[in-house]
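In: Pasting the sequence and the predicted model now:
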Number of protein chains: 2
Amino acid sequence: MTTATRQRSETAEQILDLAETLIQTRGYSAFSYQDIADALGIRKASIHYHFPSKADLGVAVIDRYIARFDSALNQIAADQTQSSMTMLDFYVQPYLLFAGTPDRVCLSAALAGEMLALPPQIRERVEHFFRTHQAWLTKILQRGVARGEFALQAPPPKVARMMFGALQGALLVKRATGDLSQIDDVIAVIKQQLAGPA
Amino acid sequence: MTTATRQRSETAEQILDLAETLIQTRGYSAFSYQDIADALGIRKASIHYHFPSKADLGVAVIDRYIARFDSALNQIAADQTQSSMTMLDFYVQPYLLFAGTPDRVCLSAALAGEMLALPPQIRERVEHFFRTHQAWLTKILQRGVARGEFALQAPPPKVARMMFGALQGALLVKRATGDLSQIDDVIAVIKQQLAGPA
DNA sequence: GTCTATACAAAGATAGAC
DNA sequence: GTCTATCTTTGTATAGAC
C-alpha cells in the first residue's frame, strides 16, 4: 500500500471536501483556512494540524482528485468488450455531473486559470492531469478507429485535444453564463463528429 | 463620444496593461496593487488615484478587453464579400496570438476560473463576453451554411458552443502543459469539421 | 486532535502634504 | 498626479496549553 492510499481522519476528509469545492468555485488564491474553519465549525489552527501549509492542502486535494479519475479511467478500460463510444460515454460522466451544478468546473481547469500563482507542486499536477487525459482519450479514439467504430477526419491525438479542450471550456462557459445545457450541446456535437460523415 | 472612449492618462494605460497581463497569468484574486506599483516604479496610492478600488480596475481592464474584441468582430463582419471561413480565420487571430506566448490565456477564461470570488460587476462582463462571442460565431456559421460554404452535422448554435469552448479550453491546456501547438491542432480539427464530410 | 493566543506579512484603502 | 504615512482587515503560520 502506498502513501497515497493511507487512510485519513474524518476531519481531514471533510477539510479536503470543502477545499475541493472552494477551489472549484472561487479558485486557489481566493480561498482561505478561515473559510474552511467557519464552514466546519473548527479553528484555523486545527486545519494546520492536518495540512501544515496551504500548498500541502492544495496538493492533497488535487492528488485525491486525480486518483479518483485514474480509478475511473482504469475501470472503463478494463472491460474491453464495450464499444469505444460507450467508453467515451463513461468518460464524460464526471463532466455531466459538474454540469448539473451551477458553479462547478473541473478542478484542474479552475487551477489552470491562475497557473502562475500556484505553488510548483500544484502546477505539476495540473499539467499531469491534462496530459494524462488527452493521452487516454487518444487511446480510445485509436481503438475506435481500429475497430471501425469511429471515422475521424483528423489524427486521433488532435481530435483528442479538441474534445478535451471543448469539455473543459464548456464547463467554464456553463458556469459563467448559467446555461446548464452548454455541456450537453458540446458532447452531442462531439459524438456526432466521431460517428463520421452521415 | 461615449464614456468608454474618453481618453486616459499614460499612467492609467500602463496600469491597465499590466493589470491585464497579471490577471491573465495569475488571476484576479492573486494580483495586487503592489505588483503593479513595483513593476511601474510608483506607489500603491498612485494607482488608487487612477482606479479607486480593485474592482474599478478590474472592470476597466475587462471593459477595454471587450471593446477591443467588439471592434474586431465588427470589422470582420463589415466586409460581406469575404468567405465565412475567412471570417473565422480572422476571429481566431487573437487566440493564435495568445497561443504564441507560453503564459497567456483569454482574460475571460482566467476570470471564469474564479467566478465566485469576483465582484458582481466583473462577473456580469465575463458572462457578457461569453454570450456575445458564441452569438457571433453562431451568426457566421449560419451565414456559411446559407452560402453553401459549411456543411454542419449539428445546428449552428451548438457547433458555435463547441468551437468556442474548444478555443478557450485549448488556451488553458496550452499554458498548463507548455505545448504551444495545442491551439493550432484544435483550430485545424474544427476547420476540417466545418468544411463537411470529405 | 483541538483549542487560545499571537506573530508577521500583505492586502485594500484613505488622508493629507507637495 | 504622486508621494508619505497610516489604518484596518485578512491571510498564513507557529507555540504551547488542554
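Out: Right, received. Where do you want to start?

In: got a list of what A:Lys44 touches?
Out: By C-beta atoms under 8 Å, 6 or more residues apart in numbering or on different chains, the residues touching A:Lys44 are A:Tyr33, A:Gln34, A:Ala37. For the C-beta atoms, the positions are set from N, CA and C on the backbone; glycine is no exception.

In: which residues does the most centrally placed residue in chain A contact?
Out: For chain A, A:Cys106 is the residue whose C-alpha lies nearest the centre (C-alpha atoms, centre = their mean; 4.4 Å). Residues in contact with A:Cys106 (C-beta under 8 Å, 6+ apart) are A:Gln24, A:Tyr95, A:Phe98, A:Leu167, A:Gln168, A:Leu171.

In: gap between the last one and B:Leu167?
Out: When distance is defined by C-beta to C-beta, to the nearest Å, A:Leu171 is 14 Å away from B:Leu167.

In: ok, those two, which is more surrounded?
Out: Taking neighbours as other C-beta atoms under 10 Å in any protein chain shown, A:Leu171 and B:Leu167 compare with B:Leu167 leading, 28 against 25.

In: my guess is the more buried one contacts B:Asp184, does it?
Out: No - with contacts counted by C-beta atoms under 8 Å, B:Leu167 stays clear of B:Asp184, the gap being 11.6 Å.

In: so what's A:Ile76 closest to, chain neighbours aside?
Out: A:Phe90 (4.7 Å; C-beta to C-beta, 6 or more residues apart in numbering or on different chains).

In: now for the helix ranked longest in chain A, which elements pack on it?
Out: As assigned by DSSP state H, the longest helix anywhere in chain A is helix A:120-146. Helices and strands touching helix A:120-146, by 3 or more C-beta pairs under 8 Å, 6 or more residues apart in numbering or on different chains; DSSP states H and E, are helix A:54-78, helix A:84-91, helix A:107-112, helix A:156-177, helix B:156-177.

In: Which among those helices is found nearest to DNA strand C?
Out: helix A:54-78 (13.2 Å; C-beta to the nearest atom of the strand).

In: Please see if the closest one touches DNA strand C.
Out: No - on the criterion C-beta under 7 Å from any atom of the strand, helix A:54-78 is out of touch with DNA strand C, staying 13.2 Å away.

In: Can you check what angle separates that helix from helix A:84-91?
Out: 150 degrees (axes from the mean of the first three to the mean of the last three C-alpha atoms, to 10 degrees).

In: Need the contact partners of helix A:54-78.
Out: A:4, A:15-16, A:19-20, A:23, A:28, A:33, A:47, A:51, A:82, A:87, A:90-91, A:93-94, A:107-108, A:111, A:118-119, A:121-122, A:125-126, A:128-129, A:132-133, A:136, A:139.

In: circling back: could you dump the contacts of A:Cys106 to TSV with pLDDT and distance to B:Gly148?
Out: Output for these, formatted as TSV (pLDDT from 0 to 100; distance: C-beta to C-beta, whole Å):
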residue	pLDDT	distance to B:Gly148
A:Gln24	98	44
A:Tyr95	97	34
A:Phe98	95	38
A:Leu167	98	31
A:Gln168	98	33
A:Leu171	98	34
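
In: Return the closest of the residues you listed with respect to DNA strand D.
Out: The closest of the contacts of A:Cys106, once distances to DNA strand D are taken by C-beta to the nearest atom of the strand, is A:Gln24, at 15.9 Å.

In: Touching, A:Phe164 and A:Arg131? I think so.
Out: No - the criterion here is C-beta under 8 Å, and A:Phe164 misses it with A:Arg131 at 10.2 Å.

In: Those two - which one has more neighbours?
Out: Using other C-beta under 10 Å, the more surrounded residue of A:Phe164 and A:Arg131 is A:Phe164, with 24 against 14.

In: Please list all residues in contact with the more buried one.
Out: So A:Phe164 contacts A:Phe130, A:His133, A:Gln134, A:Leu137, B:Gly169, B:Val173 (C-beta under 8 Å, 6+ apart).

In: Pull the residues that contact stretch A:90-104.
Out: The contact list for stretch A:90-104, computed with C-beta under 8 Å, 6+ apart, reads A:21, A:24-25, A:69, A:72-73, A:76, A:105-106, A:136-137, A:140, A:167, A:170-171, A:174-175, A:178, A:180, A:182-184, A:187, B:115-116.

In: Give me the buried stretch members for that stretch, please.
Out: Neighbour counts over stretch A:90-104 (16 or more other C-beta atoms under 10 Å in any protein chain shown) mark A:Phe90, A:Tyr91, A:Val92, A:Tyr95, A:Phe98, A:Ala99, A:Arg104 as buried.

In: and the helices and strands packed on helix A:120-146 as a markdown table, adding distance to A:Glu10?
Out: Output for the helices and strands packed on helix A:120-146, formatted as a markdown table (distance: least, C-beta to C-beta, whole Å):
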| stretch | distance to A:Glu10 |
| --- | --- |
| helix A:54-78 | 15 |
| helix A:84-91 | 30 |
| helix A:107-112 | 22 |
| helix A:156-177 | 30 |
| helix B:156-177 | 33 |
